[in-house]
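Engineer: pasting the structure only:
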């Protein structure tokens, strides 16, 4: 494995005076020796775009009744089961998501991303994901292929290793298991 590199850093600035709190839903899961193939600790970044923090409230007939807290717990439990580290990040702001992807460069082994509404509009997220070169899986709670026409376009899918959709929050677990196995090879 090649050594981790650092991206050039720009001074922190916000265009509208807001700044996402990446630590609000951050969790580091302790390493359990021997739990990972070849003893390698993997670091996951699980990212969620706009309105995912409203799970359980927002259109439960489409997104289910489980809330964001349940999603975070599932992700933490999966990381613990794998013996890996995980950080959760959610923002309703595209630039904050791009910033967090760039910050992951050289520090994160894999990304699970649900860009939510930005799936269909954000070339910036695709460019950031391609720039850092971190393997990632795109996740959607609902099956977007059975939804509105505008949801049929996914910019981030173009460079994703895999897309998982229509599995509810279980799709996050599936993505982490896939990436863990992919990186352990």
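Structural biologist: Happy to help now that I have it. Computed from a predicted model, the values in this text were never measured in an experiment.

Engineer: So which residues of this protein form strands?
Structural biologist: Listed from the start of the chain, the chain has strands (DSSP state E) covering 43-48, 85-90, 110-114, 136-140, 162-165.

Engineer: Only the buried residues of stretch 119-130, if you could.
Structural biologist: Residues of stretch 119-130 classed as buried by neighbour count (16 or more other CB atoms under 10 Å): 119-120, 122, 125-126, 128-129. Quick note: C-beta positions are derived from backbone N, CA and C, even for glycine.

Engineer: Residue 124 is in contact with residue 101, correct?
Structural biologist: No: under the criterion of CB atoms under 8 Å, residue 101 makes no contact with residue 124, lying 9.5 Å away.

Engineer: low pLDDT regions in the chain?
Structural biologist: Under the criterion of pLDDT under 70, the regions of the chain flagged as low confidence span 1-40, 64, 148, 150-152.

Engineer: re earlier: out of the buried residues of stretch 119-130, which two are the most distant from each other?
Structural biologist: Checking the buried residues of stretch 119-130 against each other with CB to CB, the farthest-apart pair comes out as 120 and 128, at 16.4 Å.

Engineer: Burial check on residue 62, number of neighbours?
Structural biologist: Using other CB atoms under 10 Å, residue 62 has 10 neighbouring residues.

Engineer: typo on my end, residue 113
Structural biologist: 25.

Engineer: For beta bridges, what are the partners of it?
Structural biologist: residue 47, residue 138 (DSSP bridges).

Engineer: Now do the same contact list for the closest residue to residue 126 other than its chain neighbours.
Structural biologist: In space, not counting the residues next to it along the chain, residue 126 is nearest to residue 155; the distance is 4.5 Å by CB to CB, 6 or more residues apart in numbering. With contacts taken as CB atoms under 8 Å, 6 or more residues apart in numbering, residue 155 has the following neighbours: 119-123, 125-126.

Engineer: what sits up against stretch 124-136?
Structural biologist: Applying CB under 8 Å, 6+ apart, the set of residues contacting stretch 124-136 from outside is 7, 45, 94-95, 97-98, 101-102, 104-105, 108-113, 115, 118, 155-156, 158-161, 179, 182-183.

Engineer: which of these are buried?
Structural biologist: Of all the contacts of stretch 124-136 considered here, the ones buried according to neighbour count by 16+ other CB under 10 Å are 45, 94-95, 97-98, 101-102, 104-105, 108-113, 115, 118, 155-156, 160, 179, 183.
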